[in-house]
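Peer 1: okay, structure incoming, though there's no sequence with it:
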C-alpha cells in the first residue's frame, strides 16, 4: 500500500494498490481486507475493465462502497461512477486512429479532453450496502439504476 497524502485534510486515510496481471487481484483483495477498508475507488484500465465483475463482487461481498471512472462497473453492480461519456470519447478515438493510419504524426494532433461527464448511481447496490444516497446527489445523477 502506498499512502496518499491529499486525503488527510478531510480526515481520510487512503491506500493505493496496483494490479498488473490477473493474478495480482487475490493479493490486493487480501490487503484491502486486512487494512479494513471501508470503500474502494478504482482507476480503470483494460485489465480492471475485463475483471470489473470480479472487482464489484469483491466490493459488495465485503460491504465496501465503490466508485469507478466508468459506468460499466456500476452496470454490473458497483455503487457509483463519474467519468467521461464513452459514447463521446470512443468515436473521437476512432477519428484519431484514422488520422494516424493515414499518415498523421500523433505528436502533431491536438490534445482533446472529454466535454461530457456522467454520474451513474446504482440504488440497488446502495440499499444492499445499507447506504442512503443524498437526494441532491440523486438529482444530479445522469443515470440511476434501481
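Peer 2: Now that the structure is in, tell me what you want to look at. Everything numeric here is computed off the predicted structure, so don't read it as measured data.
Peer 1: where does the chain have low pLDDT?
Peer 2: Counting by pLDDT under 70, the chain contains low-confidence residues at 1-7.
Peer 1: what about the helices in it?
Peer 2: Taking DSSP state H to define them, one finds helices in the chain at 24-35, 46-50, 52-61, 71-75, 86-101, 123-128, 135-140.
Peer 1: mind putting those helices into a markdown table with distance to residue 18?
Peer 2: C-beta: built from backbone N, CA, C; applies to glycine. A markdown table is the format used below for the helices of the chain (distance: least, CB to CB, whole Å):
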| stretch | distance to residue 18 |
| --- | --- |
| helix 24-35 | 7 |
| helix 46-50 | 10 |
| helix 52-61 | 14 |
| helix 71-75 | 18 |
| helix 86-101 | 24 |
| helix 123-128 | 25 |
| helix 135-140 | 29 |
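Peer 1: need the residue closest to the centroid of this structure.
Peer 2: To find the centre residue of the chain, average its C-alpha atoms and take the closest one (CA atoms, centre = their mean): that gives residue 68, at 1.8 Å.
Peer 1: quick one: that residue and residue 80 touch, right?
Peer 2: Yes: under the criterion of CB atoms under 8 Å, residue 68 lies in contact with residue 80, with a separation of 7.5 Å.
Peer 1: what sits in contact with each of those two?
Peer 2: Each of residue 74 lies in contact with both residue 68 and residue 80 under the rule CB atoms under 8 Å, 6 or more residues apart in numbering.
Peer 1: need the helices of the chain in CSV with distance to residue 9 and mean neighbour count, can you?
Peer 2: Formatted as CSV, the helices of the chain follow (distance: least, CB to CB, whole Å; neighbours: other CB atoms under 10 Å):
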stretch, distance to residue 9, mean neighbour count
helix 24-35, 20, 14
helix 46-50, 28, 13
helix 52-61, 25, 19
helix 71-75, 27, 22
helix 86-101, 31, 12
helix 123-128, 26, 16
helix 135-140, 22, 10
